[in-house]
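*Asks:* Provided below are the primary sequence and the corresponding predicted coordinates.
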Amino acid sequence: MIKNTFRIATYSLLLGLLSLQSSCGNTSANTSETSETSDIVGDNSKEEKLFDGFKFTEGPVWNPEGFLLFSDIPADTIYKWNTKDKNQNQNKPTIFRRPSGNTNGNAYDNQGRLISAQHNRKLTRTEKDGKITVLAERYENKLLNSPNDIAVKSDGSIYFTDPPYGIKKEEEELGFYGIYHWKNGNLTLLNKEMVRPNGIAFSPDEKKLYVSDSEKLHILVFDVKSDGTLSEGKVFAELTGPTDKGVPDGMKVDTKGNIYCTGSGGVWIFSPTGKLIDKISVPEKTTNVAWGNQDYKTLYITAGNSVYRIPLNAAGIKPGKRE
């Protein structure tokens with residue numbers, strides 16, 4: 001009970017503690033006060049709040065069968081919202097899994113199995129029969145911190161970040177916060193230099209990997225080598241702004257290579273060259289995003305205690321093997 005109370009307090013604190021950091025002036029490392037124009041967010045596009053009343057929403061992921069999953073970390077629950085059943089509990093989310101291991105990020109692999117980054121220090125896979133398989137829990141016999149977010153490559157390998165948000169300082173065993181690669185039962189540490197690695201996403205051709213740092217307030221970009229390892233990271237874009245309105249967190253990429261990263265004030269949209277081209281304003285602190293609906297042109301946004309969505313003039317990358 002003491003540990004659970006601490007975790008709930010930790011996630012509540014995440015909504016506000018970063019406001020103590022000092023705010024900076026520029027909006028991107030590669031832009032001045034003006035940005036490239038974009039038609040991604042149409043004139044009639046507006047964010048819609050779908051539901052609220054949760055503790056701390058995260059990890060949205062779309063299932064092609066027509067439903068959305070998302071996490072409520074301190075509530076130890078993954079919720080399911082079935083868009084096809086308009087009468088399902090007055091179209092409100094239902095419990096998909098509880099307990100969830102305090103799941104944060106979720107993704108599907110190319111066989112349609114749910115991969116979850118759990119703050120109980122595990123990376124798991126939900127098999128087709130519902131059985132949960134632990135893919136990773138330790139690195140060099142030391143417990144992971146609290147797996148946070150996931151990007152699945154088309155070859156089936158899994159990349160994930162491991163900051164310490166779900167544990168106390170004295171529970172840390174590794175002494176660093178890493179980016180990992182998992183494939184066929186083998187776990188490889190790719191980077192341990194970031195301060196707070198968080199959101200993670202591949203470019204459409206999977207030659208680049210983007211990772212946000214929630215403390216440094218920027219996105220790093222890495223070249224992905226043929227063996228799956230990474231080059232040294234370079235600053236791709238900075239997302240400076242009032243931290244009480246959010247920090248760089250979850251992200252996704254569209255089919256043209258534009259990057260959508262949660263941050264101060266909403267969702268920041270960057271071109272493949274790192275220029276800020278648009279921004280989606282959201283009234284709560286955004287935590288993550290996911291493409292959804294049949295055409296993958298709707299962006300679902302977890303923020304604070306709520307879940308939002310907005311239709312866009314862009315399409316996300318569907319999970320599975322790339323053509």
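*Replies:* That came through fine.
*Asks:* which residues in the stretch 1-150 of the chain form strands?
*Replies:* 48-51, 57-63, 67-72, 77-82, 94-97, 103-108, 114-118, 122-126, 132-136, 138-139, 142-143, 150-152 (DSSP state E, counting those that start in this stretch).
*Asks:* May I see those strands organised as TSV, with mean neighbour count, distance to S38 and mean pLDDT added?
*Replies:* In this view, the C-beta of every residue, glycine as well, is placed from N, C-alpha and C. Output for those, formatted as TSV (neighbours: other CB atoms under 10 Å; distance: least, CB to CB, whole Å; pLDDT from 0 to 100):
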stretch	mean neighbour count	distance to S38	mean pLDDT
strand 48-51	15	20	95
strand 57-63	24	23	98
strand 67-72	25	25	98
strand 77-82	21	29	96
strand 94-97	16	34	97
strand 103-108	26	26	98
strand 114-118	25	30	98
strand 122-126	20	35	98
strand 132-136	15	37	98
strand 138-139	16	40	98
strand 142-143	14	43	98
strand 150-152	23	24	98
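*Asks:* These: which one's closest to G241?
*Replies:* Among the strands of the stretch 1-150 of the chain, strand 57-63 comes nearest to G241, with 20.4 Å by CB to CB.
*Asks:* got the contact list for the closest one?
*Replies:* Residues outside strand 57-63 that contact it (CB atoms under 8 Å, 6 or more residues apart in numbering) are 68-73, 78, 103-108, 114, 116-117, 149, 250, 287-293, 296, 300-307.
*Asks:* sorry, back to before: I'd like the strands of the stretch 1-150 of the chain as a markdown table, with distance to G241 appended.
*Replies:* Below are the strands of the stretch 1-150 of the chain laid out as a markdown table (distance: least, CB to CB, whole Å):
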| stretch | distance to G241 |
| --- | --- |
| strand 48-51 | 22 |
| strand 57-63 | 20 |
| strand 67-72 | 25 |
| strand 77-82 | 29 |
| strand 94-97 | 33 |
| strand 103-108 | 23 |
| strand 114-118 | 26 |
| strand 122-126 | 31 |
| strand 132-136 | 34 |
| strand 138-139 | 34 |
| strand 142-143 | 34 |
| strand 150-152 | 25 |
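*Asks:* Minimum distance to K168: which of the ones you listed has it?
*Replies:* Of all these, it is strand 142-143 that lies closest to K168, at 12.5 Å by CB to CB.
*Asks:* Would you give the sheet partners of the closest one, along with the direction of each?
*Replies:* When pairing is defined by DSSP bridges, strand 142-143 lines up against strand 138-139 (antiparallel).
*Asks:* Surely D254 touches I317?
*Replies:* Yes. Using CB atoms under 8 Å, D254 is in contact with I317, at 7.1 Å.
*Asks:* the more surrounded of the two?
*Replies:* When D254 and I317 are compared for neighbours, D254 comes out ahead with 22 against 19, by other CB atoms under 10 Å.
*Asks:* Retrieve the pLDDT associated with the more buried one.
*Replies:* On pLDDT, D254 comes in at 98.
*Asks:* got the contact list for A117?
*Replies:* G59, T103, N104, G105, N106, L123, P147, N148, D149, I150, F160, T161.
*Asks:* how about a cut-off of 7 Å?
*Replies:* T103, N104, G105, L123, P147, N148, D149, I150, F160 (CB atoms under 7 Å, 6 or more residues apart in numbering).
*Asks:* Check what contacts stretch 99-109 and list those residues.
*Replies:* Contacts of stretch 99-109 (CB under 7 Å, 6+ apart): 7, 58-59, 61, 69, 71, 73, 76-78, 114-120, 122, 124, 148-152, 156, 166, 250, 288, 319.
*Asks:* Relative to N106, how far out is L144?
*Replies:* Noted for L144: a distance of 17 Å to N106, by CB to CB, to the nearest Å.
*Asks:* just the helices in the stretch 151-300 of the chain please.
*Replies:* Here the stretch 151-300 of the chain has no helices by DSSP state H, counting those that start in this stretch.
*Asks:* rewinding a little: please identify which of the strands of the stretch 1-150 of the chain is closest to W182.
*Replies:* strand 132-136 (5.5 Å).
*Asks:* strands paired with that closest one, and their directions?
*Replies:* strand 122-126 (antiparallel).
*Asks:* Run the chain-centre distance for the partner strand.
*Replies:* From the chain centre to the centre of strand 122-126 is a distance of 16 Å (CA atoms, centre = their mean, to the nearest Å).
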